[in-house]
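Colleague: Any chance you could fold what I've pasted below:
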Amino acid sequence: MTPESHSPTGHPPTGADVPRPGPPPGCPAHGQGPGGLRRLHEADDLRKLYEELRAEHGPVAPALLHDDLPVWVVLGHAENLHMVRTPAQYCRDTRTWSPLREGLVRPDHPLMPHIAWQPICAHAEGDEHKRLRGAIDAAVATIDFRTLRRHINRSTQRVVNRFCEKGEADLVGQYAEHLPMAVMCQILGMPDEYDDRIVEAARDMIKGTETANASNAYIVEALGRLTARRRAEPVNDFASHLVTHPAGLTDEEVREHLRLVLIAAYETTANLLANVLRQVLIDPRFRAQLNGGQMTVPEAVEQLLWDEPPFSTTFGYFAKQETELGGRRIRKGDGLLFAPAPANVDPRVRPDPTADMQGNRSHLAFGGGPHECPGQDIGRAIAEVGVDALLMRLPDVELDIDEDELVYTESIASRHLVALPVRFTPRPQQDVTQRPSHQNEPPVRQDWHIGAARPQPTPSAAAASERRAEPAPPPGPVPPPQPAAEPARPRGAWQRFLLWWRGY
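Modeller: Numbering: from 1, shown residues only. Reported below is the predicted structural model:
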C-alpha cells in the first residue's frame, strides 16, 4: 500500500516515496506514519493525542490504524452527531470501506473482529436494518425494570458473597466483570450458563488474544443451545422474544444478535461500573456529595458517562458518497471513527472539561441515530443498582492502594481499569433473596462511610475512647442509623407492594 493511494487527506504527502528509517522510541516523531499521520495504535496517551489532533486539524482529523490503514477520527461533538444521524451519507456496512474492497486488509488484521461484516442490525441499513433492529427493540421493550432490579440485587448478593468474608477484594476482577454477565445471562434466558468460564471468555474475545477465536466459539455455542431451546419451547425471556418476533429471524440471526447484545452490554457495563466505583473511592467530591445526599448514584453514573465513556471510539462509519464533514473532504469509501471520548470534551460544548454535568444527557457514550444503543437503560440500571447494592453490603469499603498506583490498559476502542483493590470489614454472607443491607454493623471507624450509619459506642467503649484521648471524627452530615440485621419483611399489603416495586 502506498500513502498516495489511501491518504485520508486526499493529498499525497510530500516526499512519501523516499524511504526513511523509523524514529526511535521517545522521539517526537515516534508513532507517525506516511505523510506524518499519527498511528493511533502506537499512542501512549490517546487523550493527549486526540487534543493534539484537534489543535492541528480541527474537529475531523486524519490518522492511521494498524498496517497504516487510513481513517478519519471524528473529534467534534456536532460532527459525530451529524455522522451517526445521516444514514444517507454514512453507513456501518464495512464492505463499503475502500481498503477492504481493494484487498489491503489482511485476514488476521488485529481489528478484524470489528471490521468483518456480519448479518446483524449493527452492520445493516435500510429495510434490513429496520427488520433486525425492530426485533431487538421489541425484545428490549418486554424487559420489566422492577424484575431487572431484582435480578441485579440478587446477582450482587451472589457475587459479593464470594468475597465478603475475606475483608479484601479486587472490585474489577471480582465484581465489575462478573455482575453484568450474571445479570445479562438472566435477561437472555440462560442463568445456568453464568460462571467464571463465560466471564473469562467474554473478556478474552474482547481483548483480541490468540485464544479469542476459541473464546468466541465457547460463547456462540452457549447461545446456540439457548436458541435451540427457545425455538422448541419459548418462555418469557429475551431469547424467546427474538425467536417468536414477526420479523422471522433465523436461528443464526437470533444467535448472532444474542451475541451482539450479550457482549456489547457486558463490555460497556463492566467498564462503566468499574469507573463509577473507582470514582466513588478516590474522588472526595463524589464521596462527600454521595454521603451528604447531594448527589445520587444515578447522577454519579451520568457524570462518568461524560468523563469515561465505556467505548472511547467505535469502528466504524463509512462514507456512501463524496461529502464534507468538519471542513474536510470525505471521499466515498473512507472510514471514520465514531469517537465519544474526545467528543465529550469538545471545547465547543464543554469549555471546562472538569465541570460537573449533572442533569445533562447529551453525551455520546451510547451513540446516536439509527444505531444508538438499544439497551442503554439496562446498562445504567446495572451500574446504578450495582454500585448502591455494593455500598449497602460493604459501607466501609476503601481503596487499598494509593490512587496513583491504579493501572489502566488503553486501546483505540476503550480505556480499562486493570484492578481496583479494596479493603473493608469482613462481613457474613447474606440470603440472595433479601435486599442488600448492613448486617453485623462493624465498630465505629474514623474514615468515611457511604450510606452507612455510625453506630453509637457502648458506655464502656465510650469510656475507653476517652481514656485513649482519641480525636473526635471531623464534623459532617451523619446518615440516619440503619438496623444491625436484616429486619423481618413487613406483612402489610402496602409495605409488600413497595418492596416489590423497588425490586426486592
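Colleague: which residues of the stretch 301-450 of the chain score low on pLDDT?
Modeller: Flagging of the stretch 301-450 of the chain using pLDDT under 70 yields the residue ranges 439-450.
Colleague: Provide a complete list of residue ranges assigned to helices in it.
Modeller: Ranges of helices in the stretch 301-450 of the chain, per DSSP state H, counting those that start in this stretch, are 340-343, 376-393.
Colleague: What residues of stretch 404-420 count as buried?
Modeller: L406, S411, I412, A413, S414, R415, H416, L417, A419, L420 (16 or more other Cβ atoms under 10 Å). Glycine gets a C-beta too; all of them are placed from N, C-alpha and C.
Colleague: isn't there a helix covering V73?
Modeller: No. Per DSSP: H, G, I helix; E, B strand; the rest coil, V73 lies outside any helix segment and is strand.
Colleague: give me every residue that touches it.
Modeller: Residues counted as contacts of V73 (Cβ atoms under 8 Å, 6 or more residues apart in numbering) are L40, Y50, L53, V60, A61, P62, A63, T313, L336, L337, A339, P342.
Colleague: Which of the buried residues of stretch 404-420 sits closest to P246?
Modeller: For the buried residues of stretch 404-420, the residue nearest P246 by Cβ to Cβ is A413; the value is 34.5 Å.
Colleague: Is it correct that the closest one is in contact with P310?
Modeller: No. Using Cβ atoms under 8 Å, A413 makes no contact with P310, being 9.6 Å away.
Colleague: circling back to that earlier point, pick the one among the contacts of V73 closest to R427.
Modeller: Nearest to R427 among the contacts of V73, with distances taken as Cβ to Cβ, is T313, at 40.2 Å.
Colleague: List the contacts of the closest one.
Modeller: By Cβ under 8 Å, 6+ apart, the residues touching T313 are V73, L337, F338, A339, P340, A341, I412, A413.
Colleague: where exactly do the helices run in the stretch 101-250 of the chain?
Modeller: 112-115, 126-141, 145-161, 179-188, 196-207, 212-232, 238-244.
Colleague: taking those together, which one is wrapped up most tightly?
Modeller: helix 179-188 (a mean of 25; mean count of other Cβ atoms under 10 Å).
Colleague: in this structure, which residue is closest to the centre?
Modeller: T268 (2.2 Å; Cα atoms, centre = their mean).
Colleague: Just give the nearest non-adjacent residue to it, would you?
Modeller: Leaving aside its chain neighbours, T268 sits nearest to P310 (3.8 Å; criterion: Cβ to Cβ, 6 or more residues apart in numbering).
Colleague: Verify the contact between A212 and D204 for me.
Modeller: Yes. Applying Cβ under 8 Å as the test, A212 and D204 come out as touching, 5.8 Å apart.
Colleague: For W306, which of the helices of the stretch 301-450 of the chain is the nearest?
Modeller: Nearest of those (Cβ to Cβ): helix 340-343, 9.5 Å.
Colleague: elements contacting the closest one?
Modeller: With contacts taken as 3 or more Cβ pairs under 8 Å, 6 or more residues apart in numbering; DSSP states H and E, helix 340-343 sits against helix 46-57, helix 77-84.
Colleague: redo that, cut-off 10 Å
Modeller: Helix 340-343 is packed against helix 46-57, strand 70-74, helix 77-84, helix 297-307, with contacts defined by 3 or more Cβ pairs under 10 Å, 6 or more residues apart in numbering; DSSP states H and E.
Colleague: name the helices or strands packed onto the longest one?
Modeller: When contacts are defined as 3+ Cβ pairs under 10 Å, 6+ apart, helix 46-57 packs onto strand 60-64, strand 70-74, helix 340-343.
Colleague: I'd assumed V71 was in contact with P62.
Modeller: Yes. P62 is within contact range of V71, at 7.8 Å (criterion: Cβ atoms under 10 Å).
Colleague: These two: who's more crowded?
Modeller: Neighbours per residue, other Cβ atoms under 10 Å: of P62 and V71, the larger number sits with V71, 25 against 22.
Colleague: can you tell me which residues contact the more buried one?
Modeller: 6, 8, 37, 40, 61-65, 97, 99, 111, 313, 315-316, 334-337, 412 (Cβ atoms under 10 Å, 6 or more residues apart in numbering).
Colleague: and it, what are its bridge partners?
Modeller: For V71, the beta-bridge partners are A63 (DSSP bridges).
Colleague: I'd like the distance from it to A212, if you could.
Modeller: Relative to A212, V71 is positioned 22 Å away (Cβ to Cβ, to the nearest Å).
Colleague: and if you look at D67?
Modeller: 18 Å.
Colleague: which of the residues in the helix ranked longest in the chain are buried?
Modeller: Assignment by DSSP state H gives helix 251-282 as the longest helix of the chain. For helix 251-282, burial by neighbour count (16+ other Cβ under 10 Å) applies to 253-282.
Colleague: what's the nearest residue to R95 if we skip its chain neighbours?
Modeller: In space, not counting the residues next to it along the chain, R95 is nearest to W117; the distance is 5.2 Å by Cβ to Cβ, 6+ apart.
Colleague: L100 now?
Modeller: Distances taken as Cβ to Cβ, 6+ apart place T94 nearest to L100, at 6.2 Å, with adjacent residues excluded.
Colleague: Outline the domain layout of the protein.
Modeller: 1-12+35-122+310-343, 125-304+374-423 (automatic domain parsing).
Colleague: can you tell me which of those comes nearest to Q358?
Modeller: Proximity to Q358 (Cβ to Cβ) singles out domain 125-304+374-423 among those, at 5.1 Å.
Colleague: what's the span of that closest one from first residue to last?
Modeller: End-to-end distance for domain 125-304+374-423: 49 Å, by Cα to Cα, to the nearest Å.
Colleague: Please apply the same query to stretch 99-114.
Modeller: First residue to last in stretch 99-114 (Cα to Cα) measures 14 Å.
Colleague: likewise stretch 361-371?
Modeller: Start-to-end, stretch 361-371 (Cα to Cα) is 17 Å.
Colleague: Please identify the buried residues of that stretch?
Modeller: H363, L364, A365, F366, G367, G368, G369, P370, H371.
Colleague: go on, stretch 373-387?
Modeller: Result for stretch 373-387 [16+ other Cβ under 10 Å]: buried residues 373-376, 378-387.
Colleague: how about the strands of the stretch 351-500 of the chain, start to end?
Modeller: 398-399, 408-410, 415-417, 421-423 (DSSP state E, counting those that start in this stretch).
Colleague: Rebuild these as TSV, extending it with distance to L104.
Modeller: Converted to TSV, those look like this (distance: least, Cβ to Cβ, whole Å):
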stretch	distance to L104
strand 398-399	46
strand 408-410	26
strand 415-417	28
strand 421-423	44
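Colleague: Q157: which of the ones you listed is closest?
Modeller: Taking Cβ to Cβ, strand 421-423 is the member of the strands of the stretch 351-500 of the chain nearest to Q157, at 17.9 Å.
Colleague: so A78 sits right up against G368, yeah?
Modeller: No. Counting by Cβ under 10 Å, G368 is not a contact partner of A78; they are 11.4 Å apart.
Colleague: With respect to E125, which of the contacts of V73 is nearest?
Modeller: Set against E125, the nearest of these by Cβ to Cβ is L336 (15.3 Å).
Colleague: ok, that closest one - how many residues close by?
Modeller: When counting by other Cβ under 10 Å, one arrives at 25 neighbours for L336.
Colleague: which residues sit in contact with it?
Modeller: For L336, the contacting residues are 8, 60, 71-74, 79-80, 83, 90, 97, 313, 315-319, 325, 328, 330, by Cβ under 10 Å, 6+ apart.
Colleague: ok, it to W72 distance?
Modeller: The spacing between L336 and W72, counted by Cβ to Cβ, is 4 Å.
Colleague: Quick check: neighbours shared by these two?
Modeller: Contacts common to L336 and W72, judged by Cβ under 10 Å, 6+ apart, are P8, V60, E79, M83, G316, Y317, A319, L325, R328, I330.
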